[in-house]
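Visitor: Need a 3D model of the sequence below.
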Amino acid sequence: MDNYSFWSLFPPLIAIILAIKTRQVFISLLFGIWLGWVILEGGNLLDGTVSTVEALVNVFKEPGNTRTIMFSSLVGALIAFIQRSGGVDGFVKLINRLLNYLEKKKIGKSRTIVQLLAWLTGTSIFVESSINALTVGTTFRPVFDKLNIPREKLAYIADSISAPTCILIPLNAWGAYIMGLLAAQGFEHPFKIMLGAFPLNFYPMLAMAMVVIIIVTGKDFGPMKKAEERARKEGKVIRDGAMPMISTDVVSLQTKDKVQPKAKNMIIPIATMVIMMPFMLVFTGWGNVENIHQYPWFEQIFFAIGKGSGSASVLYSVLIALTVSAILYRTQKIFSFKEIIDLAFKGIGGLIPLALLMMLAFAIGTVCRELGTGQYVADLSKQWLSPNFVPVIIFLVACFIAFSTGTSWGTFAIMIAIAVPMAQGLNANLYLSIAAVLGGGVFGDHCSPISDTTIISSMASASDHIDHVKTQLPYALTAGTVTALIYLILGFVIH
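Guide: Next up, the predicted model:
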């Protein structure tokens with residue numbers, strides 16, 4: 001059996017509904033995984049329970065999963081380092097000096113400028129979506145807290161520019177991955193096809209533009225408006241009873257006594273992590289490209305990035321950043337060797353909840369593949385498609401698959417294999433159809449509480465995960481609705 005028909009929809013949907021309703025994301029995901037394996041075992045509760053335990057263990061059989069979970073934990077050590085070393089306090093002082101200068105020049109408001117700086121920072125980091133969200137969240141969280149900007153807003157900004165930036169500037173693993181999927185469809189020049197589709201990929205553009213509009217106008221709506229009012233009037237950057245996606249022991253670490261706060265103690269480690277990412281992609285991919293030396297040097301780098309391991313590159317980058325930061329702090333005599341080790345373990349311990357959540361997210365992704373959730377939805381949609389409606393329906397189906405499974409890349413793999421022959425067979429516009437797949441995958445991933453970028457955005461900003469999902473959803477749905485209308489109109493106009 002290729003899929004379990006409508007039964008394949010139950011595990012991810014129930015997990016998502018329970019998570020939003022109960023705010024118990026760990027239990028909700030675990031229940032969804034268990035339900036999926038019970039279905040796979042033909043309704044046998046005992047076998048389903050045993051298979052669930054085995055599935056959680058098997059998460060670590062996949063090297064990419066293990067690397068990502070290790071990366072998620074080690075980031076806690078980096079956060080602890082930069083806070084205890086005075087890097088965060090130094091960076092806050094640097095931003096405050098910038099804000100004071102801008103105020104003297106009568107340029108904008110502090111809250112607006114800081115949020116735009118966060119947006120610009122994320123836009124400039126197009127090498128990898130996790131690094132993007134992580135950098136924006138960890139860098140700007142102390143400044144946002146000082147200005148009483150809710151952490152939900154920081155998580156929204158970080159999440160809304162991570163994947164959209166990476167897919168709009170495809171000089172990274174995203175671009176190479178999409179090229180590979182297009183090449184598998186028989187295109188001799190996949191780069192040309194990809195470039196033709198990108199100007200029609202409206203959702204990432206609208207999502208990023210909407211962030212700027214909300215920041216500049218200050219016209220928040222939905223749950224985010226309540227969060228802004230709470231932060232402004234009560235000075236609470238998170239609501240009472242919220243469960244931040246990072247231990248308060250890590251977030252609340254103060255600068256070590258008698259240590260002079262310096263911005264470089266934050267900037268150098270984070271810059272190292274960001275800069276090392278493309279180098280590590282080239283490093284891990286170089287040996288995987290056949291006859292690489294027959295290509296010009298630029299194409300060699302691009303192909304190597306495409307064959308590089310994203311999970312390995314992220315892990316190596318954060319390990320190098322930790323090493324550089326440890327050397328930086330030792331040379332300044334801020335920490336002893338023992339203090340560095342103790343602080344690293346404390347930081348890692350603070351992010352154990354995130355590592356557990358990532359494990360559950362991987363496990364529910366596996367059970368969805370076993371059930372054939374994505375393929376069932378895609379096959380079902382083909383029964384009621386007509387040429388003019390191809391782009392909008394492809395967009396909506398891609399969105400639903402990404403939302404249900406929490407992965408845009410998995411959605412691309414399923415939907416490009418369907419959208420390309422569908423567009424060719426029904427005489428719909430090929431570029432518009434491919435763009436609809438890419439935009440729908442990012443849209444669904446953006447909305448999904450089980451998406452890795454959504455989880456990392458919550459973690460990096462120390463926001464309650466479900467609060468982040470709820471406050472972000474109205475904005476994502478607004479951009480998504482406009483995108484769907486555009487595809488509906490263009491489906492009749494462009495052939």
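
Visitor: looking at this structure, which helix or strand does the model trust least?
Guide: For the chain, counting by mean pLDDT, DSSP states H and E, helix 248-251 ranks last in confidence among helices and strands (a mean of 57).

Visitor: following that one, which helix or strand comes up?
Guide: helix 264-285 (DSSP states H and E).

Visitor: for the record, mean pLDDT for that next one?
Guide: Averaged over helix 264-285, pLDDT sits at 84.

Visitor: Mind giving me the packing neighbours of that helix?
Guide: In this structure, helix 264-285 packs against helix 63-84, helix 87-104, helix 129-146, helix 297-307, helix 310-331, with contacts taken as 3 or more CB pairs under 8 Å, 6 or more residues apart in numbering; DSSP states H and E. Bear in mind the C-beta positions are built from the backbone N, C-alpha and C, glycine included.

Visitor: can you list these in a markdown table and add distance to Pro269, mean pLDDT and mean neighbour count?
Guide: Listed next are those as a markdown table, based on distance: least, CB to CB, whole Å; pLDDT from 0 to 100; neighbours: other CB atoms under 10 Å:
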| stretch | distance to Pro269 | mean pLDDT | mean neighbour count |
| --- | --- | --- | --- |
| helix 63-84 | 6 | 81 | 23 |
| helix 87-104 | 7 | 76 | 17 |
| helix 129-146 | 10 | 80 | 25 |
| helix 297-307 | 23 | 70 | 18 |
| helix 310-331 | 4 | 88 | 20 |
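
Visitor: Identify whichever of the ones you listed lies nearest to Leu371.
Guide: Closest approach to Leu371 among these (CB to CB): helix 63-84, 18.7 Å.

Visitor: now the angle between helix 129-146 and that closest one, please.
Guide: 30 degrees (axes from the mean of the first three to the mean of the last three CA atoms, to 10 degrees).

Visitor: tell me the angle helix 63-84 makes with helix 264-285.
Guide: 160 degrees.

Visitor: next one: helix 63-84 to chain centre, how far?
Guide: Taking CA atoms, centre = their mean, to the nearest Å, one finds helix 63-84 lying 15 Å from the centre of the chain it belongs to.

Visitor: mind listing the helices for the stretch 151-300 of the chain?
Guide: 151-168, 173-183, 190-197, 202-217, 223-234, 248-251, 264-285, 297-307 (DSSP state H, counting those that start in this stretch).

Visitor: out of those, which comes closest to Gly444?
Guide: The nearest among the helices of the stretch 151-300 of the chain, by CB to CB, is helix 202-217 at 9.7 Å.

Visitor: Run through the neighbouring helices and strands of that closest one.
Guide: helix 110-124, helix 151-168, helix 430-447, helix 465-493.

Visitor: These into JSON lines, with extra columns for distance to Leu98?
Guide: Output for the helices and strands packed on helix 202-217, formatted as JSON lines (distance: least, CB to CB, whole Å):
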{"stretch": "helix 110-124", "distance to Leu98": "8"}
{"stretch": "helix 151-168", "distance to Leu98": "18"}
{"stretch": "helix 430-447", "distance to Leu98": "30"}
{"stretch": "helix 465-493", "distance to Leu98": "27"}
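
Visitor: Mind checking the ones you listed for the one nearest to Met205?
Guide: It is, among these and with distance given as CB to CB, helix 151-168, at 6.9 Å.

Visitor: Sketch out the low-pLDDT regions of the stretch 151-300 of the chain for me.
Guide: Along the stretch 151-300 of the chain, the parts satisfying pLDDT under 70 run over 171-173, 176-177, 180, 184, 188-189, 245-252, 289-295, 297-299.

Visitor: To clarify, my last question referred to the stretch 301-450 of the chain.
Guide: Checking the stretch 301-450 of the chain against pLDDT under 70 turns up 302, 306, 310, 354, 358, 374, 377-378, 380-385, 417, 425.

Visitor: go with 90
Guide: By pLDDT under 90, the weakly predicted segments of the stretch 301-450 of the chain are 301-318, 346-391, 393-394, 397-398, 400-430, 433, 445-450.

Visitor: looking at it, Met70 is touching Leu315, isn't it?
Guide: Yes: between Met70 and Leu315 there is a contact at 5.8 Å, judged by CB atoms under 8 Å.

Visitor: Next, format the helices and strands packed on helix 264-285 as CSV and append distance to Val274.
Guide: Below are the helices and strands packed on helix 264-285 laid out as CSV (distance: least, CB to CB, whole Å):
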stretch, distance to Val274
helix 63-84, 12
helix 87-104, 15
helix 129-146, 6
helix 297-307, 15
helix 310-331, 8
